[in-house]
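**Student:** can't give you the sequence, but here's the structure:
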């Protein structure tokens, strides 16, 4: 069970890295994960790419920028895919993924100077010498869909 209570993020968590962007999500809100075998091809919808699957419809994949927007060019360093909860058949690409089992991490509110009406991110956690933004699967999905419509 995951909970954010009094500035603490508890439970099984997933750290997802996309270049300079580090996101921390509850494990139950991150879909299946797998390794990217080959580079996806661009589609007519900017920011979305396709991966062929044996005997099945192509899989739709996207890669996030450090500002949570969809990248228009496929980044070579993204090789971990996670299913995008709430949108069947859609996947996000990451440069790294770590599962934190039974974690208890102190959250900190972002300073007012770092808050933006365009960004849904409001809290961070420290993981050693790294900082990760606390996020939910629903927030991530909404941001990806908004980025897709803006492109």
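**Tutor:** Alright, I've got the coordinates. Source: prediction; values computed, not measured.

**Student:** Could I get the buried residue list for the helix or strand harbouring residue 82?
**Tutor:** Per DSSP states H and E, residue 82 falls inside strand 80-83. By 16 or more other C-beta atoms under 10 Å, the buried positions in strand 80-83 come out as 80, 81, 82, 83. For glycine as for every other residue, the C-beta is placed from the backbone atoms N, C-alpha and C.

**Student:** And for stretch 137-144?
**Tutor:** Applying 16+ other C-beta under 10 Å to stretch 137-144 flags 137, 139, 140, 141, 143, 144 as buried.

**Student:** Surely the first one touches residue 26?
**Tutor:** What that stands for is residue 137. Yes - using C-beta atoms under 8 Å, residue 137 makes contact with residue 26 at a distance of 7.4 Å.

**Student:** how about low-confidence regions in the protein?
**Tutor:** By pLDDT under 70, the low-scoring segments of the chain are 1-6, 117-118, 147-151.

**Student:** residue farthest from the centroid of it?
**Tutor:** residue 55 (27.5 Å; C-alpha atoms, centre = their mean).

**Student:** OK, contacts around that one?
**Tutor:** By C-beta atoms under 8 Å, 6 or more residues apart in numbering, the contact set of residue 55 is empty.

**Student:** separation between it and residue 88?
**Tutor:** For residue 55, the distance to residue 88 equals 17 Å [C-beta to C-beta, to the nearest Å].

**Student:** what about the helices in this structure?
**Tutor:** 137-150 (DSSP state H).

**Student:** what about the strands in it?
**Tutor:** Using DSSP state E, the strands found in the chain span residues 3-5, 8-18, 21-26, 33-35, 41-42, 49-53, 56-63, 80-83, 90-94, 96-109, 123-127, 130-134.

**Student:** Which strands or helices does the third one pack on?
**Tutor:** Under the contact criterion of 3 or more C-beta pairs under 8 Å, 6 or more residues apart in numbering; DSSP states H and E, the helices and strands touching strand 21-26 comprise strand 8-18, strand 123-127, strand 130-134, helix 137-150.

**Student:** Repeat the analysis, applying 10 Å as the threshold.
**Tutor:** strand 8-18, strand 90-94, strand 96-109, strand 123-127, strand 130-134, helix 137-150 (3 or more C-beta pairs under 10 Å, 6 or more residues apart in numbering; DSSP states H and E).

**Student:** No further queries at this time; thank you.
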